[in-house]
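Asker: sequence plus predicted model, see below.
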Amino acid sequence: MKTLYLDCNMGAAGDMLTAALLELLPDPDGFIEELNALGIPGVTIEKEQVSKCGIDGTHVAVKINGVEEEESMHTHHHSGMHDIKHIVHHLSVPDRVKKDILAVYALIAEAESHVHGVPVTEIHFHEVGTMDAVVDVTAVSLLMDRIAPDQVIASPVHVGSGQVKCAHGILPVPAPATAHILRDVPVYGGEIQGELCTPTGAALLKYFVTKFCSMPVMKTTDIGYGMGKKDFSAANCIRAMLGETESAGDIIVELNCNVDDMTGEAIGFAMEELFAAGALEVYTIPIGMKKSRPGTLLCVMCRPEDKEKMVKQLFLHTTTIGIRESSFRRYTLDRSVETVQTPYGGIRRKVSTGYGVTRQKYEYEDLAKAARDNDLSVSQILSRL
C-alpha cells in the first residue's frame, strides 16, 4: 500500500507541508513553474535549499508583488469565504483539486465561526486569508493529487506553547481556531515557545491525514524535508516519508446472541436493520438450544466504534436478553471497483490486491442485467468478456 507518513514533531504550517511534499517529486522545479502559471494575481512562488540543525531541506517562499508574506496572525488583509471561492474558481487546476482546496477552507471557516460566534458567511479570514496561505492550500492539494498515496499517516502534532499575537490580541498556543480544528487529533505541547501549528497547517492535516499514530512499518522510497522560517533548538521542519506498507490488519468486534422464539421474517428484518446501521457482516447459524429446541445464532461483525450502536440494534430488533462480545484482528485485501467497457455496456469489476495476490470479479448485478437485456445466460456473458 502506497503510504505517506508525515512527521509533525515540529508542528505543521502550509509552507512546510508544501516544501516537504515538493521534495518527493522527481521534478520539483517543474512543479514550481506550474504553480507560478496558475494565474494567481501578483503571486510568485520560489523555493530554496536551507539547513536547520545540520539537516538540508527546502523552504518555499510566496511573494506578493515582489514582497514575501509570512504565515502569521499579524496580517490585516481579510478575506471572506466568497473571496476564496472566487479565487479557487479561476484556478487552472482539476475540479477534484478545487474541491479539496475548498474543503480545507471549510474546516477553517467552521473553526473561525465557532470561535467568534458568527455565521460562516460572515467569517473574515486573517492568517488564512492571505495570498500565501491560498497558495499553500492549493499547492498541498495539488501535491497530494500528484503523489496519490493510498493512505496518509501523521504523527501526533506538536503545537508549541506560550502565546501568539494575532489580529484579535494575545492568545494562547495553540490559537483557538487551531485547537478547534485539531479536535480528535492527538496533540502535545512542550518547552518550545511559539506557535508551531498554524490554522492552515492544522486544516491540511485534518483533511488529508487518514490516521494519526506512530510511524508504521514501511519500506521508504523517498524522503522530503520542508523547512519553516524560524529557528528553534530543534530542526524546524516537517519530514515526509513515502513508501510501501503491508496491511497490519484492523480490529473488528463480533457480537453474538442466541434466539429461539423469532420467525424467519423477523430475523431477516433484524439483519437488514443491522446492515443499514453499518454492520460489516451479519449472518446466522442454526443451533440446538436448551430443552432440545432449535434456535438461531445471530452473528454481527462491526468496527469497534460502532459496537454500542449494534448492541442497541440487537436488543431493539431481536428477542435476546444477552449479547456476547469478542474482538478479532482482521486482514483484508485492498479493494477497488473499475468499470470495464464491453459489447454489453459498462460492467463493474471488483479488483482485490495485497499480500502478493490479485483477484478480479465482475459484479453479479451488472452481469445479470446484461444477460436479461441480451437474452443470454450469465455464464454466456462471462465467457464473452
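Answerer: Everything's here; your move.

Asker: what segments of the stretch 51-200 of the chain are strands?
Answerer: In the stretch 51-200 of the chain, the segments counted as strands under DSSP state E, counting those that start in this stretch are 55-64, 67-68, 79-80, 124-125, 151-154, 157-158, 160-161, 163-166, 169-172, 187-188, 194-195.

Asker: pull out the buried positions in stretch 33-46.
Answerer: Using 16 or more other CB atoms under 10 Å as the test for burial, stretch 33-46 gives 34-35, 38, 40, 43-45. Any C-beta I mention is one placed from the backbone N, CA and C, and that applies to glycine too.

Asker: quick one: mean pLDDT over the helix ranked longest in the chain.
Answerer: If you go by DSSP state H, the chain has its longest helix at helix 95-116. Helix 95-116 carries an average pLDDT of 87.

Asker: what's in contact with that helix?
Answerer: Identification of contacts with helix 95-116 by CB atoms under 8 Å, 6 or more residues apart in numbering yields 81, 84-85, 88-89, 91, 93, 119-120, 123, 125, 128, 137-138, 141-142, 144-145, 176-178, 180-181, 199-200, 203-204, 206-208.

Asker: closest one to Arg349 out of the buried residues of stretch 33-46, please.
Answerer: Ranked by distance to Arg349 (CB to CB), these are led by Glu34 at 34.0 Å.

Asker: min pLDDT across the buried residues of stretch 33-46, which one?
Answerer: The minimum pLDDT among the buried residues of stretch 33-46 falls on Ile40, with 79.

Asker: so that residue sits against Val134, correct?
Answerer: Yes. Using CB atoms under 8 Å, Ile40 is in contact with Val134, at 6.9 Å.

Asker: now stretch 159-170: buried residues?
Answerer: In stretch 159-170, counting by 16+ other CB under 10 Å, buried: 159-161, 164, 166.

Asker: between the two ends of that stretch, how far is it?
Answerer: Using CA to CA, to the nearest Å, one end of stretch 159-170 lies 16 Å from the other.

Asker: check stretch 185-195 too.
Answerer: Note: stretch 185-195 ends 17 Å apart using CA to CA.

Asker: same question, stretch 211-226
Answerer: First-to-last residue span, stretch 211-226, CA to CA: 21 Å.

Asker: list the buried ones in that stretch?
Answerer: Going by neighbour count (16+ other CB under 10 Å), the buried part of stretch 211-226 is 212, 215-216, 218, 223-226.

Asker: dump those to CSV, plus pLDDT.
Answerer: What follows is those, written out as CSV (pLDDT from 0 to 100):
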residue, pLDDT
Phe212, 93
Met215, 92
Pro216, 87
Met218, 90
Ile223, 97
Gly224, 97
Tyr225, 97
Gly226, 96
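
Asker: any chance of these in CSV, plus distance to Gly57?
Answerer: Putting those into CSV (distance: CB to CB, whole Å) gives the following:
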residue, distance to Gly57
Phe212, 22
Met215, 18
Pro216, 23
Met218, 20
Ile223, 10
Gly224, 8
Tyr225, 3
Gly226, 6
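
Asker: of all those residues, which comes closest to Val50?
Answerer: Once CB to CB is applied, the member of these that ends up nearest Val50 is Tyr225, at 9.4 Å.

Asker: ok, now which ones touch that closest one?
Answerer: Tyr225 neighbours (CB under 8 Å, 6+ apart): 19-20, 23, 55-58, 237-240.

Asker: quick check, distance from stretch 25-38 to the centre of its chain.
Answerer: On the basis of CA atoms, centre = their mean, to the nearest Å, stretch 25-38 sits 24 Å off its chain's mean C-alpha point.

Asker: among the buried residues of stretch 211-226, which one lies nearest to Leu274?
Answerer: Phe212 (29.9 Å).

Asker: please, where are all the helices along the protein?
Answerer: Counting by DSSP H, the helices of the chain are 14-22, 28-36, 81-89, 95-116, 131-147, 176-181, 199-208, 264-276, 307-317, 364-373, 378-383.

Asker: mean pLDDT lowest where, among those helices?
Answerer: Taking the mean pLDDT of the helices of the chain, helix 81-89 comes last: a mean of 82.

Asker: which elements pack onto that helix?
Answerer: Other helices and strands packing on helix 81-89, by 3 or more CB pairs under 8 Å, 6 or more residues apart in numbering; DSSP states H and E, are helix 95-116, helix 131-147.

Asker: which neighbours do Ile40 and Val134 share?
Answerer: Ile87.

Asker: any chance of the helices and strands packed on helix 81-89 in TSV, plus distance to Glu246 and mean neighbour count?
Answerer: Formatted as TSV, those follow (distance: least, CB to CB, whole Å; neighbours: other CB atoms under 10 Å):
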stretch	distance to Glu246	mean neighbour count
helix 95-116	28	19
helix 131-147	20	23
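
Asker: closest one to Phe275 among those helices?
Answerer: Checking the helices and strands packed on helix 81-89 against Phe275 by CB to CB gives helix 95-116 as the closest, at 28.9 Å.

Asker: dump the closest one to PDB, keeping only the CA atoms.
Answerer: Extracted in PDB, the C-alpha atoms of helix 95-116 (Å, rounded to 0.1, in the frame of the first residue of the first chain):
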ATOM      1  CA  ASP A  95     -12.100  20.100 -10.300                       C
ATOM      2  CA  ARG A  96     -11.100  17.400  -7.800                       C
ATOM      3  CA  VAL A  97      -8.300  19.600  -6.600                       C
ATOM      4  CA  LYS A  98     -10.600  22.600  -6.300                       C
ATOM      5  CA  LYS A  99     -12.900  20.500  -4.200                       C
ATOM      6  CA  ASP A 100     -10.100  19.700  -1.900                       C
ATOM      7  CA  ILE A 101      -9.000  23.300  -1.600                       C
ATOM      8  CA  LEU A 102     -12.500  24.500  -0.600                       C
ATOM      9  CA  ALA A 103     -12.900  21.600   1.800                       C
ATOM     10  CA  VAL A 104      -9.800  22.600   3.600                       C
ATOM     11  CA  TYR A 105     -11.000  26.200   3.800                       C
ATOM     12  CA  ALA A 106     -14.400  24.900   5.000                       C
ATOM     13  CA  LEU A 107     -12.700  23.400   8.100                       C
ATOM     14  CA  ILE A 108     -11.000  26.700   8.800                       C
ATOM     15  CA  ALA A 109     -14.300  28.700   8.300                       C
ATOM     16  CA  GLU A 110     -16.200  26.300  10.700                       C
ATOM     17  CA  ALA A 111     -13.500  26.800  13.300                       C
ATOM     18  CA  GLU A 112     -13.500  30.600  13.000                       C
ATOM     19  CA  SER A 113     -17.300  30.600  13.100                       C
ATOM     20  CA  HIS A 114     -17.200  28.600  16.300                       C
ATOM     21  CA  VAL A 115     -14.500  30.600  18.000                       C
ATOM     22  CA  HIS A 116     -16.000  34.000  17.100                       C
END
